[in-house]
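Asker: 3D model of this:
(2 chains)
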Amino acid sequence: MSASYVGKASRFELTDPASVDGSTRARSGRLTLPHGVVETPQFMPVGTNATVKALTPDDLRDVGASIILSNTYHLYLRPGHQRIERLGGLHRFMDWDRPILTDSGGFQVVSLGDLRVVDDDGVTFRSHLDGSVHRFTPEIAIGVQEALGSDVAVAFDQPVFPSSSRAVVADATDRTHRWAERSLAAHGRPDQAIFGIVQGGLEPDLRAASTAFIAGLPFDGICVGGLAGDETAEQRETALEIVVDGLIDDPRPRYLMGLGSPADLLEAVHRGIDLFDSVLPARVARNGQLWIPGGRLNIRNQRHLDDPAPVQADCPCLCCRRFSRAYLAHLFRANELLAYRLATCHNLTFTLDFMTRIRAAIRAGTFPSAMAELRVRAGRVSGGEGAVMSA
RNA sequence: GGGUAGGUUGAGCAGGUGGUGAGCUCCGCUGACUGUAGAUCAGCCGUCUUCGACUGUGGGGGUUCGAUUCCCUCCCUGCCCA
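Answerer: Numbering: from 1, shown residues only, chains lettered A, B, ... in the order given. All right, here's what the predicted structure looks like:
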């Protein structure tokens, strides 16, 4: 097994390969990009509109973000990638000097709309902002990302819902493969890495074939797309295992797109994933759900109004360092803007701290035995009959 | 003291001039949220043995087959005049 990968704009070194006893595929590494180093496994907060909602760049550093994701589709429509390029690129525009990965816009083209037409060459769609008609092709999506100047560009793909029929999945997966080749051919920026996306839905053979196809192309990293949708955790883990099986000797970073709850992150790391992104911790924070060890709390509940304790006693975030649950509960009820900032700081701090704990366990060689404790810490923060902490 | 407008489910309101008032917005509660058209959305929000039933329009009394509605009286609130 190669322990490192060197591309023209990125480097990935496994510092701690998966345990030799085969009990886990969790591994730890270091991804070096033009704007800095990313320790893996790592979570990328999502900053769709060149901002992680409610946070300043200083807040982002404070919560421990080492890389964020931003969005090609949204920035193309507003304020326009050419404008951002004229203003010195995305990093300068948003004053974030650490790495940025840009999603290709494929996800939005599918998630946004009824008013879209997919053909073999690309996608024609209507802007969600003003209804105007636009067209994305792999070449255009890559061109936009080069203009933005992200550290990592992502190939243009066509995701489909995991529950889609086999015919739909097969069609979209084939198209994604052709678009992957075209994305690579179109990409020329030397200070920008490019990742390719595996599709294949929940069809085992299509997943395996897609993994083989994408892994066969000279991408700098492999994204696992088409999950974190309407599939069950079991279906997701099965699909994930198929993909990682196909990448077992591949030295490049593996990025599972769209996953974000601590419990889900842990299980995916266990199965060999290095990178994640999700809006979940930030969105849920804005809606009043705070993640704490072992569970969560709804800060809008009346019982918090008199509670002088911080959201989480040992948390170093801006919110927990200086404010009480009572204060945060008040801010939410009063619809004060500070509520969103503080809550987002907390959930991202919790999530990124959780990843730090995972890395520490892997690097200490104790990940398999640490999983039980990490699972408890992750709690069930989403779905099902999840435990809601009362304290 | 006189006049006037009112008293509707936690709050604020709609409606209702003899034929079953549970309608709205807040507040509150619960759930959802995973490559962000999301500081959003959904459900509940009088009581109960909750696919239904019961209660409820300030209190009391009257007329009536039937009263939130008509009559009498009392209480409370706003405003105006003394």
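Asker: Helix, strand, or coil at the most centrally placed residue in chain A?
Answerer: Nearest to the geometric centre of chain A sits residue A:277, at 1.1 Å (Cα atoms, centre = their mean). Here residue A:277 is strand, with the state taken from DSSP: H, G, I helix; E, B strand; the rest coil.
Asker: Same question for residue A:353.
Answerer: helix.
Asker: Is it in contact with residue A:64, as I believe?
Answerer: Yes: using Cβ atoms under 8 Å, residue A:353 makes contact with residue A:64 at a distance of 6.9 Å. Every C-beta, even on glycine, is put in place using the N, C-alpha and C of the backbone.
Asker: how much space between residue A:323 and residue A:112?
Answerer: Here residue A:323 is placed at a distance of 36 Å from residue A:112 (Cβ to Cβ, to the nearest Å).
Asker: Could you list the low-confidence segments of the stretch 251-391 of chain A?
Answerer: For the stretch 251-391 of chain A, the stretches flagged by pLDDT under 70 are A:380-391.
Asker: Tell me the residues on it that lie near RNA strand B, please.
Answerer: For the stretch 251-391 of chain A, the contact set with RNA strand B under Cβ under 7 Å from any atom of the strand comprises A:257-261, A:264, A:277-280, A:282-284, A:286-289, A:298, A:300-303, A:333, A:335, A:337, A:340, A:382-384, A:386, A:388.
Asker: Now do the same contact list for residue A:293.
Answerer: By Cβ atoms under 8 Å, 6 or more residues apart in numbering, the contact set of residue A:293 is A:312, A:376-377, A:379.
Asker: Check the secondary structure at the closest residue to residue A:3 other than its chain neighbours for me.
Answerer: Nearest residue to residue A:3, sequence neighbours excluded (Cβ to Cβ, 6 or more residues apart in numbering): residue A:14, at 5.0 Å. Secondary structure, three-state DSSP: residue A:14 is strand.
Asker: quick one, what contacts residue A:14?
Answerer: Counting by Cβ under 8 Å, 6+ apart, residue A:14 touches A:3-4, A:27-29, A:251.
Asker: Of those - the most surrounded one?
Answerer: residue A:29 (25 neighbours; other Cβ atoms under 10 Å).
Asker: Does that one touch residue A:11 like I think?
Answerer: No: in this structure residue A:29 lies outside contact range of residue A:11 using Cβ under 8 Å: 10.0 Å.
Asker: beta partners for the residue nearest to residue A:3?
Answerer: residue A:29 (DSSP bridges).
Asker: and the residue of the stretch 51-200 of chain A found nearest RNA strand B, helix, strand or coil?
Answerer: RNA strand B sits closest to residue A:159 of the stretch 51-200 of chain A, with a gap of 2.3 Å, by Cβ to the nearest atom of the strand. At residue A:159 the chain is in coil, as set by three-state DSSP.
Asker: For it, give me its contacts.
Answerer: Shown in contact with residue A:159 (Cβ under 8 Å, 6+ apart): A:106-107, A:110, A:172, A:197, A:199, A:225-226.
Asker: Return the closest of these with respect to residue A:45.
Answerer: Closest to residue A:45 out of those is residue A:107 (16.4 Å), distances taken as Cβ to Cβ.
Asker: Shouldn't the closest one be within a helix?
Answerer: Yes: using three-state DSSP, the assignment for residue A:107 is a helix.
Asker: per-residue confidence for it?
Answerer: As predicted, residue A:107 sits at a pLDDT of 94.
Asker: Give the full set of residues in contact with it.
Answerer: Counting by Cβ under 8 Å, 6+ apart, residue A:107 touches A:73, A:159, A:225, A:257-258.
Asker: now, which of these lie within helices?
Answerer: Among the contacts of residue A:107, the ones falling in helices (DSSP state H) are residue A:73.
Asker: Quick check: ChimeraX command selecting the buried ones in the contacts of residue A:107.
Answerer: Selecting the buried subset of these in ChimeraX, with 16 or more other Cβ atoms under 10 Å as the burial test, is done by:
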select /A:73,159,225,257,258
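Asker: Output the contacts of residue A:107 in a markdown table, with distance to residue A:147 appended to each entry.
Answerer: Listed next are the contacts of residue A:107 as a markdown table, based on distance: Cβ to Cβ, whole Å:
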| residue | distance to residue A:147 |
| --- | --- |
| A:73 | 14 |
| A:159 | 23 |
| A:225 | 23 |
| A:257 | 22 |
| A:258 | 24 |
